[in-house]
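>>> Sequence below, structure please.
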Amino acid sequence: MTDSAAFHSASRMAATLREQRGGALDLLEQHFARIEAQDGRVNAVVVRDFARARERARAADAALARYDIWGPLHGVPMTVKESYDIAGLPTCWGSPALRDNMARHDAVVVERLKRAGAIIFGKTNVPVMLADFQAYNPVYGTTRNPWDPDRVPGGSSGGSAAALAAGFAALEAGSDIGGSIRFPAHYCGVYGHKPSWGIVPPRGHSLPGSYAPTDISVVGPLARSAEDLALALEVMAGADEKLAAGWRLELPLPRRSALRDFRVAVWRDDASCPVGSEVAERLEAVIAALARAGARIDDKARPEIDAAQAHALFIRLLWSVMAARSPIEEYERMRAEVAALAPEDESRAAQHKRASVLSHRDWLAAHHERTRLRHAWRAFFENWDVLLCPVAPTPAFPHDHSEDRDARQLLVDGEKRPYWDQLFWSGIAGLCYLPATVAPAGRTAAGLPVGIQIIGPEFGDRTTIEFARLLGEAIGGFTPPPGFG
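Residues are numbered from 1 along each chain as shown. As a prediction, this is how the structure comes out:
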């Protein structure tokens with residue numbers, strides 16, 4: 001295999017190995033060589049398990065020689081987000097307090113990828129506690145975007161997307177609660193899929209002592225092609241083995257097989273999170289391509305919801321979940337601050353603080369309202385197959401490590417906007433458990449990648465991924481960043 005094989009899709013790599021036109025160890029060593037030579041300027045693969053990976057690659061080659069195929073990812077080299085447990089490796093979520101936390105078991109997703117034949121050789125960088133649109137922490141440092149080292153790769157699966165874009169890994173497993181798969185895919189020009197909530201078991205992707213699935217949060221794949229997203233989701237999804245006696249997953253097949261048959265709703269912009277011209281131009285180019293393909297397009301179609309109120313509900317539920325990861329001392333401090341708030345204070349900071357100490361009664365009321373919105377989305381998707389919208393208001397932005405994240409700002413066409421406004425577009429799918437696939441939509445005049453978000457009905461994961469695949473045929477998909485090809 002030539003060096004360019006590092007940018008082949010995982011599906012193509014697996015086929016090449018099955019046909020014995022190359023070896024798993026040789027392919028693995030090519031990835032190691034790229035990482036050793038180039039990851040110094042990216043800092044994506046921060047936990048490396050090269051020795052065990054080489055042993056597994058040798059075993060994979062020996063099995064291939066016997067025509068013993070382990071699974072659809074036999075011999076494919078890949079990494080996973082640092083927050084996944086891999087037995088014998090540290091899992092710290094970027095927190096110095098967890099630096100010495102060594103996993104004793106593999107996460108369910110890791111187990112399934114291994115059973116499918118993948119060779120997992122390391123883990124990729126994250127922000128502290130997975131709580132940022134960037135990927136930096138005191139343990140492993142800063143991950144830089146392969147397209148521009150002065151800009152972020154996204155977060156929290158930032159190392160995952162950067163590793164794929166740079167050709168360091170063939171496939172990745174990430175996680176997403178507020179856009180943590182989708183932002184990095186958008187910023188780094190790769191594909192990412194946020195699954196419908198609950199269809200991929202999160203066990204083994206949690207802080208020590210945590211066992212219950214987390215509201216809104218999902219785990220899912222990132223890749224360099226939509227075909228790889230589909231393959232990875234097939235491997236990863238399904239009932240947790242501890243629950244499999246009671247239920248099984250049967251995702252519907254894609255609704256359509258050609259772009260001309262899709263019914264496409266488009267959400268171009270919103271006052272809650274204005275979209276910059278660079279992103280808007282790429283969205284318009286996608287719409288034009290769909291029109292040429294004959295798709296039915298409507299930019300006025302919306303579910304019967306109030307977008308601003310839905311976003312406020314998302315923030316309330318999201319911050320409630322995120323605060324649950326905080327130490328008890330932090331929680332008690334926040335309770336005291338909330339008690340001191342004026343009743344009329346509806347500032348962003350006040351809303352975040354109140355959500356962080358939400359009572360169970362208030363959480364149930366919010367969940368009741370969320371369930372009503374889920375019904376509204378189901379009615380909407382009876383008439384529409386997918387909803388297209390931005391992932392974020394801008395391409396990748398410059399690194400900002402200022403300590404007060406609430407004071408950070410994002411520059412959108414010269415206008416300063418609140419940092420956390422970015423959650424508006426990710427919250428559309430996140431709040432109501434909808435699947436969302438991010439696909440490359442081309443690059444800006446400055447050469448930065450832009451992605452588009454494809455949202456579908458709950459459990460319509462195969463539809464959004466297939467739409468992304470067909471869109472890639474029409475406008476092109478992943479391309480390597482300059483200097484990495």
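
>>> Next secondary structure element downstream of the strand or helix carrying residue 351?
According to DSSP states H and E, residue 351 maps onto helix 348-356. Next helix or strand after helix 348-356 toward the C-terminus (DSSP H and E): helix 360-380.

>>> end-to-end on stretch 391-402?
Using C-alpha to C-alpha, to the nearest Å, one end of stretch 391-402 lies 23 Å from the other.

>>> on that earlier part again, now do the helix holding residue 351 and helix 360-380, the angle between them.
100 degrees (axes from the mean of the first three to the mean of the last three C-alpha atoms, to 10 degrees).

>>> Helix 348-356: which residues count as buried?
Of the residues in helix 348-356, those buried by neighbour count under the rule 16 or more other C-beta atoms under 10 Å are 350, 351, 352, 353, 354, 355, 356. Yep, even glycine has a C-beta here, placed from its N, CA and C like the rest.

>>> Now tabulate the residues you listed in a markdown table and tack on distance to residue 49 and pLDDT.
What follows is those, written out as a markdown table (distance: C-beta to C-beta, whole Å; pLDDT from 0 to 100):
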| residue | distance to residue 49 | pLDDT |
| --- | --- | --- |
| 350 | 45 | 91 |
| 351 | 42 | 89 |
| 352 | 38 | 88 |
| 353 | 40 | 91 |
| 354 | 43 | 94 |
| 355 | 38 | 93 |
| 356 | 36 | 93 |
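
>>> OK, contacts around residue 116?
Counting by C-beta atoms under 8 Å, 6 or more residues apart in numbering, residue 116 touches 70, 71, 72, 73, 74, 235.

>>> quick one: contacts for the second one?
Neighbour list for residue 71: 115, 116, 117, 235 [criterion: C-beta under 8 Å, 6+ apart].

>>> give me that answer again for 6 Å
For residue 71, the contact set (C-beta atoms under 6 Å, 6 or more residues apart in numbering) comprises 116, 117.

>>> Could you do the third one as well?
Residues in contact with residue 72 (C-beta under 6 Å, 6+ apart) are residue 116.

>>> Now it. Its backbone dihedrals?
phi -70, psi -10 (degrees, to the nearest 10).

>>> now swap in the second one and tell me
Backbone geometry at residue 71, expressed as degrees, to the nearest 10, gives phi 170, psi -170.

>>> do the first one as well
The phi/psi pair for residue 70 (degrees, to the nearest 10) reads phi -70, psi -40.

>>> Surely it touches residue 117?
Yes - here residue 70 reaches residue 117: they are 3.6 Å apart, a contact under C-beta atoms under 6 Å.

>>> Please identify which of these two sits among more neighbours.
Higher neighbour count among residue 70 and residue 117: residue 117, with 23 against 17, using other C-beta atoms under 10 Å.

>>> which ones are touching that one?
70, 71, 73, 74.

>>> Quick check: residue 53 is in a helix.
Yes - the assignment for residue 53 is a helix, going by DSSP: H, G, I helix; E, B strand; the rest coil.
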